[in-house]
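Asker: fold the stuff below for me.
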Amino acid sequence: MIEYDEIENKMILKLVYYGPALSGKTTNLLLLHDLLEKEGRGDLTVLDTKDDRTRTSGMRTLIEDGIEKVKSGETTLEELIRVIGPQTKHERQCDNCNRTIGAKFVFCPYCETFKQNFCRQCMIPLEEDWNICPLCGLSKFNGHNNDEIGEGG
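Answerer: Predicted structure coming up:
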């Protein structure tokens, strides 16, 4: 974001350089700043925060932005949910009513639909095209664990 301060006749650039912690982002910016000619170069301010610096600078998540758009009437809650989908690996959409439910739920608490394709050993829902349970290795065809019967069995 760039602002121009007419009173002080200077440009203010707010830069958010997002990435993993301790990966050299700040060091790179400091080095680049030092390479600039001193004449005409402005001050460099680095925020030293314990939390996520991007959040400190005002960045909003997709969900936060979507909620604001729902509140202002620019979109609907249904559209927001459709776009962002389940937010964790612990959620899935019910095949019948399309509502977000726990990934391990065999029954939908909203429409009471039974998930037909689930692991008989650990009870997690399975995708239709999966041949084995990704957690315990139980084959959906013969009920054996792949460790017991060998690969591809």
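Asker: could you break this structure into its assigned domains?
Answerer: 2-56, 60-89, 91-153 (automatic domain parsing).
Asker: any chance of JSON lines for these, columns mean pLDDT and mean neighbour count?
Answerer: Glycine gets a C-beta too; all of them are placed from N, C-alpha and C. Conversion of the domains of the chain to JSON lines gives the following (pLDDT from 0 to 100; neighbours: other CB atoms under 10 Å):
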{"stretch": "domain 2-56", "mean pLDDT": "73", "mean neighbour count": "10"}
{"stretch": "domain 60-89", "mean pLDDT": "79", "mean neighbour count": "12"}
{"stretch": "domain 91-153", "mean pLDDT": "75", "mean neighbour count": "13"}
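Asker: surely Asp129 forms part of a helix?
Answerer: No - the assignment for Asp129, made by DSSP: H, G, I helix; E, B strand; the rest coil, is coil rather than a helix.
Asker: gap between it and Asp65?
Answerer: In this view, Asp129 and Asp65 are 34 Å apart by CB to CB, to the nearest Å.
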